[in-house]
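J.: Quick check, what structure comes out for this input:
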Amino acid sequence: MKKIILLAMFAVLGVTTSNAQETTKKIKSKVAKAAKVNGAGMVFVSETIDYGTVAHNSDGKREFVFTNNGNKPLIITNTQGSCGCTVPTSPKEPIAPGAKGIIGVKYATDRVGPFTKTVTVTSNAEGQPTKILTIKGNVLGDDASKS
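T.: Numbering: from 1, shown residues only. I've put the predicted structure just below:
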């Protein structure tokens, strides 16, 4: 009986690990397959961050990871949140061709309830000088987080 349970645990663990590895490979593949552009380029691993359900006043910091898929340096000139509750940060230095960069975003989790907000990124990326990124989620009230 112990052998059957142990074998079942290894089987489940193996499938979970395999799925995680496949997801990682798909993300890397997406960035790698992004068409090279003549000029600066910007390809995000994901253009949406789902916070899921978070506690009131929890850490609202997240990151959008991107790669410059062009042959010239990428310069981000501005990042703007759709409201004062969404504060983005961006690299000040140019991102070299093939290099990765991060757009940080902090959502004010002192606001209870569901949210969907955007971050507008302005850059010298060829064909897409303005890029809209999205964050979404739900902040629980103090009563809900104590349950």
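
J.: For the nearest residue to residue 135 once chain neighbours are set aside, give me its contacts.
T.: Using C-beta to C-beta, 6 or more residues apart in numbering and skipping the chain neighbours, the partner closest in space to residue 135 is residue 49 (4.8 Å). In short, each C-beta sits where N, CA and C put it, glycine included. Residues in contact with residue 49, defined by C-beta atoms under 8 Å, 6 or more residues apart in numbering, are 62, 64, 105, 133, 134, 135, 136.

J.: what phi and what psi does the backbone show at residue 142?
T.: For residue 142, the backbone dihedrals are phi -60, psi -40 (criterion: degrees, to the nearest 10).

J.: For it, which non-adjacent residue is spatially closest?
T.: Spatially, and ignoring its direct neighbours in sequence, residue 142 is nearest to residue 56 (5.3 Å; C-beta to C-beta, 6+ apart).

J.: Hmm, residue 140 and that neighbour touching each other?
T.: Yes: the pair formed by residue 56 and residue 140 meets the contact definition of C-beta atoms under 8 Å, at 5.9 Å.

J.: which residues do the two both contact?
T.: Between them, residue 56 and residue 140 share these contacting residues under C-beta under 8 Å, 6+ apart: residue 112.

J.: Identify the bridge partners of the nearest residue to residue 86 once chain neighbours are set aside.
T.: Of all residues not flanking residue 86 in the chain, residue 117 sits nearest, at 4.3 Å (C-beta to C-beta, 6+ apart). Counting by DSSP bridges, residue 117 is bridged to residue 135.

J.: Tell me the spacing between residue 117 and residue 132.
T.: Computed with C-beta to C-beta, to the nearest Å, the distance linking residue 117 and residue 132 is 11 Å.

J.: More neighbours: these two, which one.
T.: Each of residue 117 and residue 132 has its neighbours counted (other C-beta atoms under 10 Å); residue 117 has more, 17 against 11.

J.: Kindly provide the distance from the residue nearest to the spatial centre of the chain to residue 136.
T.: By C-alpha atoms, centre = their mean, the chain has its centre lying nearest to residue 64, at 3.6 Å. Between residue 64 and residue 136 the computed distance is 13 Å (C-beta to C-beta).

J.: about what we covered before: how far out from the middle of the chain is whichever strand or helix holds the residue nearest to residue 135?
T.: In this structure, residue 49 sits in strand 48-54 according to DSSP states H and E. For strand 48-54, the separation from the chain centroid amounts to 10 Å (computed by C-alpha atoms, centre = their mean, to the nearest Å).
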